[in-house]
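Asker: What would the 3D arrangement of this be:
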Amino acid sequence: MVAMHRLATIPGAPEPADGSLPFVEQEPAEMVLLSSADTDLTAVAALLEKEPQLIAGSLRALNLAALGHPAVIDHYVATTLPEATVVLVRLLGGRGHWSYGLERLQAWSRSAEGRTLLVLAGTAEEEHALAELGNAPADLTLALAGCMRESGTTNQRQVLRCLERLRLRQPPLMPVIEPAPDPLPHDWRNERGARVGVILYRAQRQAGDTGLMEAMLGALRQRGLAPRGLWVSSLRDAAVQEGVADLYRREAVAAVLCGTGFASVRFELAGLGAPLWERLDVPVFQMLCSARGRSAWQESSIGLGPLDLSLQVVLPELDGRLTTRVAAFKEWTASDPNLGTALHRTEADPQRLGWICELVERWIELARTPVAQRRVALVLANYPTRNSRLANGVGLDTPASVVLMLRWLAEAGYAVEEPLPADGDGLIQRLLAGRTNDPESGHRPPLTHLPLRSYLSWYGSLPVEGRERLEAVWGIPERDLGLEPMADGQQGFPVRGLDFGSVALLVQPDRGYDRDPELTYHSPDLPPTHAYLAQYLWLRQSFGCQVVVHVGKHGNLEWLPGKAVGLSEHCFPEWALGPLPHLYPFIVNDPGEGSQAKRRSQAVILDHLTPPLGRAGLHGDLQALEALLDEYWEARQLGAERAEPLRLELDRRLAELNLPASESSGAVGDGRLEAADGYLCELKEAQIRLGLHTYGTLPEPAKLAELLLCLARPPQAGLPGLTQALALDLGLELDPWADREEAPLGEADRDRLLSLAATSGAIGLRHCGDAIALLETMALALLRREVGEALVSGCSPAAPQSGVQSGPGTTSDTVLRALRQRLLPDLLACAAAEREALLAGLAGRRVAAGPSGAPSRGRPDVLPTGRNFYSVDLRGLPTEAAWDLGRRSAELLLEEHLQSEGDDLRHLALSVWGTATMRNGGEDIGQALALMGVRPVWDGPTRRMVDLEVLPLTVLGRPRVDVTLRISGLFRDAFPQLVGWFNRACSLVAALAESEEANPLAAAARREGQAWRVYGSAPGAYGAGLQALIDSGQWESRSDLGEAFLQWSSWRYGAAIESGAMAGEPGQTEPGRGASAWDPSQAGIEASHDRAGLEARLRQVQVVLHNQDNREHDLLDSDDYYQFQGGLSAAVEHLRGSAPQLWFADHSRSERPRMHRLEKEFDKVLRSRLLNPRWIEAMQGHGYKGGFEMAASLDYLFAYDASTGRVPDWSYGALADRWLDDPAVLAFLRRSNPWALRDMAERMLEAHNRGLWAGAQNEQVASLRELVLESEALIEAP
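Answerer: Here you go, the predicted model:
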């Protein structure tokens, strides 16, 4: 049960340190004021102290933060409100932040005559929706809300008089809002130095809480800057924006420090720009103010609570504000006897203020430094730390991009020393001629050294606690393994990279896992090495870097241990980077990991386009097989004698090719041929990458047209997708976006297509995929023409092509017209926008904010790229669309499992990632809730989730599924409220009086006394523990991988104020709305090490599921897939000796989620991408980085096989034949990346040696061994 703790004398005081529930004991009163803002309480307390005669009745006040748990709310309503006749609630952030409290107050207001409930909004856009929740006249509520927002003595006095009259049941006088100066300057002086704007809430000044403003102005002045403080009511107000812009433009401010929450624009309009900040065009910094005290922040691994994260970090990112540090904390200062509550004030933190001011100063200095004197560092990631894998960058030709960046800098006047490399391969050759992270390069000279004495001088200034933590793993600096003699005989740390004059190109240091394999098992929160910190120290101090650019998703700095957001001086990302301006080119479809860089390393994201995308098509044996199938079906239809020989030949070829995919492998005869035919359609229409993106460029015209088609397929903005429009114009019933490719084509559509002159010769129209292929061909022809005309005419967003009718009908013509007006110009603008964003950031200028997401999933608004992307409004998750897709996907899984196993699914493990959640609005959580039989409840006006409803078994018609989540570290950091909602769902389901057969979660909870189901890595740590083991080869069996996963994943996450497991006694609750759980938007989360609990969950797991929400990449493009799904599978097998079923869901098209076995997904990716000449040839076009990508995909395939055993045996032989036995591919690898050639040969030999590739032929093994020797000779050659 939940622990209880009563604070009988100080309501609103800090929470108990033991995590028990802080029940509020406040004397009953006739009037009660509840507010999210401490400034409201402080202002009212000050007014009543001066004018106690304003009210005759008793008044109590309380900050809503003290009423976070439903049990606490229930107690408060029962003990403080019985005598009350008026309750005023002022809520910041909308109904969803305190939904249960509002429900209880509504019930209170209805339970007796004469009770008045007023619900006031903190912002104007919420005020009508919240006013309706009370029972007072709307005009009165809105007037009071205006008074509270304007604040000031006159307005507060009117509010209190109104409450008094309502208490007396007298008609209240309608308040007349007295506006206050807005914005209001504070302490402007005639002083020298760059001018810096400082913006805080006017309510703080009116409450006398000016400490933060005074401290910030003082800290800026100490650095020789001239602050220009402003008090504002809200930056959302257009008049306030106009006033701020006019004042700051007149003052020519060089930067702005903002301490207000929310954004200057609404979320749904953010993609259109932020007019206030665009007018100023200077960097804007977000200083954080914790709603908790400093001690609570210090002890927290997260840093900020969910509400602070949402209002002060996520929403300000819509403006493009740079997240900094926590400048101040809310500290308990006194208890007011009149209001019966604790009062809080904002207390600035001098150390954190100094860090923030230094960051601002560095950005200003960057802008004011002459171009030729600016010092820039470009940093390339390198993991694994092998020479085959330099310059990581997801979807990015990183070496080629860096060469272009160097050229742009030289052209812009930076002192870039010549000669520059001719291309990406030339750059890599120069890097590999020196020292890298690969131990094989140890004999080569580094770029330079950082003397040990310099490191020790800096290191000694760091906090003792962090140094002790680092030295517990790595020892003292003087004994670091990275030290070596310098030219002068002194000891120093090597710096790896190249010198281009005012630009340094560095290889990011390794994390240290390769030094000791045991660290992989036991140190998920491994501190950086001394050598790691030394290289970044050299960059900042010795090189004098003014701005660092980490090129491409992603490096390792932003994943170093420390708080999730609002970092302290003990956090390792801060040790490494310090308050240095930071730019980060990053793929636009990965908001999660980009947000991590923004929040933990003050990065400005420069988002870039995805790689070119296109249809996989069929190739080689698959293409021949399709032709043979066409011939067979034609012969069979005609009754020709050759049908039977053709069928026998098809059976033989299918066996040779291991077709069809596993789920239909039991079919025989024509059924097997139908399955194979349908699967070929699916493969043909698969979307794959057709190369890599080079930053600041566009693909060649042919690939540009294919990419445009991928972006034009989804329906959007009320219009059908392009292929949908063509189908409609041709009179087809087919929906090419929603229908499954392998589904039979309707006779009417087949006849219609065959009647068209363009397709009169087509005989293979049997499946929807065949028709879709024809529509795709038509669409691509149209788009090639559009792209060609646009490139010739210089089409731009300012001058779109008008065009003439070009489609076969009005629908497609309308779609093409819309495409010409927005999508095509935005796509063509990406190259210039990316280049300009980089140059603007390097010049210390503002980079505009923009949305993020997968453009081929119906998100054209993310274009043009070259913006500082933001993620998603946490308050709106899961969205209704995400729940709907998740529900349909869950139903597919339940149906597939029942058909394949003959019984209902009851136990499932699901990996949930932060990036995917940001992209799709919470589909994974919606799916998990649906499996459990729980449905979200959304608020009417805002459509934000405010509650959960448990569906009865009679509605479900099947058992509930006991779902265990393995969340990523990013999900933990970014979505604490979703962790809370899911825990709440578990509590509700656990408390149901249902049988074990129908509700295994409740049965387990009754046995174990707890219902925890959310697990992840240690606080401040990230990952799943398999990558370093796979890369080093330091594992013997799958059990070793399972053990590593368990070591890294055994932290249980729950509400910070919830020490019990469930909200009610097991078996005591009926299905329906669940009010007996914590409010996820208010409660933070905390971790407890609970390996036993995780093991108990995983021993029962029948299915391990992973979802993919877009097709701009696949499961062999990243190590995360095998680490999470493979790690879960290995852990289950390690614990009980048998593996779970592995399922893979494709959510790339919301209209038609797919669910299939993991084995089929491997098959699909192998045939559509890895063995596809289109992809292989595209990789050859990218030289070294192309070889890198091929080796990486093989590594991920091998790792998935090592952890699951589900990779088909034939895949290794097929890849060996296609990649390493093909003269053209071999010549490419020998020339561009012999290190990758060696890695691939060694990886295949390892697969053979470990028994993963059982079918390897002796000649294949011998050939691979020869390739290893040959590649080593190439590597060692001068």
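
Asker: Would you mind pulling the contact partners of stretch 192-199?
Answerer: Contact with stretch 192-199 is made by 183, 213, 216-217, 220-221, 224-230, 232, 235, 244, 248, 251-260, 360, 364, 368, as judged by C-beta atoms under 8 Å, 6 or more residues apart in numbering. C-betas here are computed from N, CA, C, even on glycine.

Asker: Please apply the same query to stretch 391-402.
Answerer: So stretch 391-402 is contacted by 378, 380-383, 390, 423-425, 427-428, 505, 551-555, 585, 587, 590, 608, 610-611, 689, 691-696, 1112-1113, 1117-1118, 1182-1185, 1188 (C-beta under 8 Å, 6+ apart).

Asker: Tell me which of those fall in helices.
Answerer: 424-425, 427-428, 1183-1185, 1188 (DSSP state H).

Asker: Determine which two of these are furthest apart.
Answerer: L427 and F1188 (13.0 Å; C-beta to C-beta).

Asker: which residues does the residue lying closest to G1042 once chain neighbours are set aside contact?
Answerer: Using C-beta to C-beta, 6 or more residues apart in numbering and skipping residues adjacent in sequence, the residue nearest G1042 is H1134, 3.0 Å away. By C-beta under 8 Å, 6+ apart, the contact list for H1134 reads 1038-1039, 1041-1043, 1046.

Asker: again, only using 10 Å
Answerer: 1037-1046, 1095, 1098 (C-beta atoms under 10 Å, 6 or more residues apart in numbering).

Asker: Please work out how many residues are found near G794.
Answerer: 9 (other C-beta atoms under 10 Å).

Asker: er, A143 I mean
Answerer: Neighbours of A143 (other C-beta under 10 Å): 22.

Asker: Would you agree it is in contact with P172?
Answerer: Yes - judged on C-beta atoms under 10 Å, A143 makes contact with P172 at a distance of 9.5 Å.

Asker: okay, and the common contacts of those two?
Answerer: With C-beta under 10 Å, 6+ apart as the test, A143 and P172 both reach 137, 158, 162.

Asker: now the ones in helices among the contacts of stretch 391-402 in CSV, with distance to L81 and neighbour count?
Answerer: Shown next, in CSV, are these (distance: C-beta to C-beta, whole Å; neighbours: other C-beta atoms under 10 Å):
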residue, distance to L81, neighbour count
G424, 69, 25
D425, 73, 21
L427, 70, 25
I428, 70, 27
G1183, 72, 21
Y1184, 70, 30
K1185, 66, 29
F1188, 65, 29
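
Asker: Turn these into JSON lines, columns for pLDDT.
Answerer: What follows is the ones in helices among the contacts of stretch 391-402, written out as JSON lines (pLDDT from 0 to 100):
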{"residue": "G424", "pLDDT": "98"}
{"residue": "D425", "pLDDT": "98"}
{"residue": "L427", "pLDDT": "98"}
{"residue": "I428", "pLDDT": "98"}
{"residue": "G1183", "pLDDT": "98"}
{"residue": "Y1184", "pLDDT": "99"}
{"residue": "K1185", "pLDDT": "99"}
{"residue": "F1188", "pLDDT": "98"}
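
Asker: one step back: nearest to L827, out of the shared contacts of A143 and P172: which one, please.
Answerer: Nearest to L827 among the shared contacts of A143 and P172, with distances taken as C-beta to C-beta, is P137, at 52.2 Å.

Asker: Leaving out sequence neighbours, find the closest residue to the most centrally placed residue in the chain.
Answerer: Closest residue to the average C-alpha location of the chain: G592 at 1.7 Å, with C-alpha atoms, centre = their mean. Counting by C-beta to C-beta, 6+ apart, T915 is the residue found nearest to G592 once chain neighbours are left out, at 2.9 Å.

Asker: that older thread, anything in contact with each of L427 and F1188?
Answerer: Joint contacts of L427 and F1188 (C-beta under 10 Å, 6+ apart) are 390-391, 398-399.

Asker: If you rank those by neighbours, which is first?
Answerer: Busiest of the shared contacts of L427 and F1188 [other C-beta under 10 Å] is T398, holding 31 neighbours.

Asker: what's the pLDDT at that residue?
Answerer: Listed pLDDT for T398 reads 99.

Asker: can you tell me how far it sits from K553?
Answerer: 10 Å (C-beta to C-beta, to the nearest Å).

Asker: Verify the stated contact: L409 with A377.
Answerer: No - at 11.9 Å, L409 does not count as touching A377 under the criterion of C-beta under 10 Å.

Asker: then stretch 143-156 to CSV, C-alphas only?
Answerer: Taking C-alpha atoms only, stretch 143-156 is exported to CSV below (Å, rounded to 0.1, in the frame of the first residue of the first chain):
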residue,chain,number,x,y,z
ALA,A,143,-12.7,38.7,-15.9
LEU,A,144,-11.2,37.2,-12.9
ALA,A,145,-8.7,35.3,-15.0
GLY,A,146,-7.7,38.5,-16.7
CYS,A,147,-7.2,40.2,-13.3
MET,A,148,-5.0,37.3,-12.1
ARG,A,149,-2.9,37.5,-15.3
GLU,A,150,-2.5,41.2,-15.1
SER,A,151,-1.9,40.9,-11.3
GLY,A,152,-1.0,44.0,-9.4
THR,A,153,-2.6,45.3,-6.2
THR,A,154,-5.7,46.7,-7.8
ASN,A,155,-6.5,43.5,-9.7
GLN,A,156,-5.8,41.3,-6.8
